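Enquirer: Predicted structure and sequence below. I'll ask about it afterward.
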Amino acid sequence: VGALRARVAIKPLVRPPGTMRVFLLVAAFFAAVASTQAYVMPTGMPVARSQVAARSDVAMGANSGRKCQMTGRGPNNANAISFSHRVSSRKQQINLHTKKYYSPELNGWIRMKLATKTMKTIDKYGIDKTAKKYGVDLGKYKL
């Protein structure tokens, strides 16, 4: 009976090889991310990525799929409510149009993707005054 027990002995649990290496790689990755100062304000408080991005990103067209190139206005998060009052999230897209304007200061035409509200502002104040208000360089959009 003693020899039978020796054969059926339970092996101790052993961590599979490579698990420690994976753990160390993950720990090193998080340490590297935590040490970067790109997304941390001088006070040490974390900042949203959109606050870190410069205003020139919208003007140059980077990450501006559905954004007004003058104001930077983008889509709005909202709720879709069904007849049974079940709530699911949806996006309210902005009303964008590609428009051409004549700029007297540049003495030429510009083409931009603008929200309809921005187009009303341009109708009221003019393209050059509106661009100055929002800090946009119209030379980037000259045709």
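Expert: Thanks, I have it. Only a predicted model underlies this, so the values are computations on that prediction, with no experimental measurement involved.

Enquirer: Now for this structure, the helix or strand with the poorest mean pLDDT.
Expert: When the helices and strands of the chain are compared on mean pLDDT, DSSP states H and E, helix 49-52 comes out lowest with a mean of 41.

Enquirer: Restricting to C-alpha, output the longest helix along the chain in CSV.
Expert: The single longest helix within the chain, with elements called by DSSP state H, is helix 19-35. C-alpha atoms of helix 19-35 as CSV (Å, rounded to 0.1, in the frame of the first residue of the first chain):
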residue,chain,number,x,y,z
THR,A,19,5.1,34.1,-16.4
MET,A,20,7.6,36.1,-14.4
ARG,A,21,9.0,37.6,-17.6
VAL,A,22,5.5,38.7,-18.7
PHE,A,23,4.8,40.2,-15.3
LEU,A,24,8.1,42.1,-15.4
LEU,A,25,7.4,43.4,-18.9
VAL,A,26,3.9,44.6,-17.9
ALA,A,27,5.3,46.2,-14.8
ALA,A,28,8.0,48.0,-16.8
PHE,A,29,5.5,49.2,-19.3
PHE,A,30,3.3,50.7,-16.6
ALA,A,31,6.3,52.3,-14.9
ALA,A,32,7.3,53.9,-18.2
VAL,A,33,3.8,55.2,-18.8
ALA,A,34,3.6,56.6,-15.3
SER,A,35,7.0,58.4,-15.7
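
Enquirer: and Leu114, how many residues sit next to it?
Expert: The number of residues packed near Leu114 is 25, by other Cβ atoms under 10 Å. Placement of C-beta: from N, CA and C, glycine included.

Enquirer: give me the beta-bridge partners of it?
Expert: Counting by DSSP bridges, Leu114 is bridged to His97.

Enquirer: For it, which residues are in contact?
Expert: Contacts for Leu114 (Cβ atoms under 8 Å, 6 or more residues apart in numbering) come out as 68-70, 96-99, 122.

Enquirer: For Cys68, which three-state class applies?
Expert: coil (DSSP: H, G, I helix; E, B strand; the rest coil).

Enquirer: which residue packs closest to it, ignoring adjacent ones?
Expert: Ala115 (4.1 Å; Cβ to Cβ, 6 or more residues apart in numbering).
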